[in-house]
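Student: Give the three-dimensional model of this entry:
(one chain, ligands or ions: 1)
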Amino acid sequence: MLGDVRVRSRVGFEPERRGSHPYIDFRILHSHSESEVSVSARNIRRLLSFQRYLRSSRFFRGITSQNYLYILDDDYNGQAKCMLEKAGNWNFNIFLFDRLTNGNSLVTLTFHLFNLHGLIEHFHLDTMKLRRFLEVMVQDDYHSRNPYHNAVHAADVTQAMHCYLKEPKLARDLKPWDILLGLLAAATHDLDHPGVNQPFLIKTKHYLATLYKNIEAIVGHRGGPPPPKLKKMGIFFFLLVEEKRQQMESELGSLILATDISRQNVYLSEFRSYLDRNLHLDNAGYRHFILQMALKCADICNPCRTWALCKQWSEKVTDEFFHQGDVERKFQLDVSPLCDRQTETVAKIQIAFITYVVEPLFEEWAHFSDTRLTQTMLGYLGLNKASWRGLQQEHSSSGEDTDPTFEEMDSDILPQENREL
Ligand SMILES: [Zn+2]
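Tutor: Numbers count the residues shown, from 1 in each chain. Just a heads-up that it's a prediction; the model follows:
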């Protein structure tokens, strides 16, 4: 896990700890106005929100609602419900849904999808425990001050995963267990993400860099120990019978580790081999592999969304890169590739990311599942890349661009999503 990381501040490591790891002081990482909105302030706001009032007042009035949207404000309830009915639509606007749910998109959407796929009934899940797990152990463990790697990104990946799970080839053969794993892995895959990449952790000699190295050594060993963060998910495992708990930990860890982009080529060659042999999903091992590929697609599908969504995500991830670059410059460290706001642009980063990472993955996915959804995604991907190229040309002709070498970038150095523990 790369979670709960804080770099050494002027006064050294802070004495208190929220989770199981030393701190990186996020005030350093977020030096713009957003840093003024502290976690505690946000928590206080949330505690005092009308939602909580509504929930407690209903509880004390003895009103028990079977409707899992009961935590929503009445004004927003209808709109959020309407959106949930279209949760399988590729144009689903997760930003709007997050606003309608007052920042609870991950909890609300995941709970809805568990219900929709019949998982609550099939696994006899306690709905109160499930909701508490999603709120406390999942959503609250994302760092809301990360511009990109926060709970909304997790909700977006979960929604994409739901779309893929509905694809005919998967829907036909996947078992409830596979669907449970797929949705849970999507919702938790970036838990505790620190908002910086692995090279940054190495440069700052953070102990998590060593942890990452150790974890990396077990990547590919299906059934190996899960990332440590999963150990914190004890509440959920209590929902399952004892013998399933270990299997869940192991398979969830394997799925999440597959989102490490630095190992994408390994997964792509295995995918090609899978397609060449025309293997069938009646085998549990193959189903697991396809879930890994689906999760990888869901994790980097931003450029396959509509331009409006694609653009927002791109600006957010670049914002996160540039904050890292600012910290590196401030502490006189080498600025990581793509993290230098003085030489990079959103368009330039996105063109490289699409060319070297997204296109190779989705072209292979199209060989596996050539459906209307896949063609829609590839269509948006082409249009968005052309839009970025147009913006980049405008930027270049204005004389602001000084470094046209992005086409030579190696995908391994792309910081987007390259930590994933
Ligand atoms: Zn992610």
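
Student: Flag the helix or strand of this structure with the lowest per-element mean pLDDT.
Tutor: Within the chain, no helix or strand scores below helix 26-29, which has a mean of 40 by mean pLDDT, DSSP states H and E.

Student: Longest helix of this protein, counting residues only.
Tutor: Longest helix in the chain, counting residues (DSSP state H): helix 372-397.

Student: Averaged pLDDT, that helix. What do you get?
Tutor: Across helix 372-397, the average pLDDT comes to 95.

Student: what does this structure put close to the ion?
Tutor: Proximity of the chain to the ion, by C-beta under 5 Å from the ion, involves residues 190, 299. For every residue, glycine as well, the C-beta is placed using N, CA and C.

Student: what bits of the chain have low per-residue confidence?
Tutor: 1-76, 205-242, 399-421 (pLDDT under 70).

Student: and with 50 instead?
Tutor: 1-40, 43-44, 46-68, 70, 214-226, 402-421 (pLDDT under 50).

Student: Quick one: residues contacting Asn384.
Tutor: By C-beta atoms under 8 Å, 6 or more residues apart in numbering, the contact set of Asn384 is 303-304, 307, 310, 350, 354.

Student: redo that, cut-off 6 Å
Tutor: Shown in contact with Asn384 (C-beta atoms under 6 Å, 6 or more residues apart in numbering): 303, 307, 310.

Student: Select only the buried ones of the residues you listed in PyMOL?
Tutor: Filtering these down to the buried ones (16 or more other C-beta atoms under 10 Å) takes a single PyMOL command:
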select buried, resi 303+310
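
Student: is it possible to export the contacts of Asn384 to CSV including distance to Lys86 and secondary structure?
Tutor: CSV is the format used below for those (distance: C-beta to C-beta, whole Å; DSSP: H, G, I helix; E, B strand; the rest coil):
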residue, distance to Lys86, secondary structure
Pro303, 22, helix
Trp307, 19, helix
Cys310, 19, helix
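
Student: Format the contacts of Asn384 as TSV; extra columns: distance to Phe289.
Tutor: Listed next are these as TSV, based on distance: C-beta to C-beta, whole Å:
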residue	distance to Phe289
Pro303	24
Trp307	32
Cys310	28
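
Student: quick one: which of the contacts of Asn384 is nearest Ser397?
Tutor: Distance to Ser397, by C-beta to C-beta, is smallest for Trp307 among these, at 21.3 Å.

Student: outside of the helix or strand harbouring Gln324, which residues touch it?
Tutor: In the assignment (DSSP states H and E), Gln324 maps to helix 307-330. Residues outside helix 307-330 that contact it (C-beta under 6 Å, 6+ apart): 28-29, 147-148, 195-196, 200, 302-303, 335, 338-341, 346, 349-350, 384, 387, 415-416.

Student: Show me which residues of stretch 392-399 are buried.
Tutor: So, applying 16+ other C-beta under 10 Å, buried residues of stretch 392-399: Gln392.

Student: next one: stretch 337-346
Tutor: 337-340, 344-346.

Student: how about those residues, which pair is most distant?
Tutor: Farthest-apart pair in the buried residues of stretch 337-346 is Pro337 and Val346; separation 14.9 Å (C-beta to C-beta).

Student: ok and the residue in the stretch 51-200 of the chain nearest the ion?
Tutor: Ranked by C-beta to the ion, the top residue of the stretch 51-200 of the chain for proximity to the ion is Asp190, at 4.3 Å.

Student: Assumed that residue was part of a strand.
Tutor: No - under DSSP: H, G, I helix; E, B strand; the rest coil, Asp190 falls outside any strand and is assigned coil.

Student: which residue sits closest to it, ignoring its sequence neighbours?
Tutor: Closest residue to Asp190 apart from its sequence neighbours, by C-beta to C-beta, 6 or more residues apart in numbering: His149 at 5.1 Å.

Student: wait, is that neighbour part of a helix?
Tutor: No - counting by three-state DSSP, His149 is located in no helix; its state is coil.
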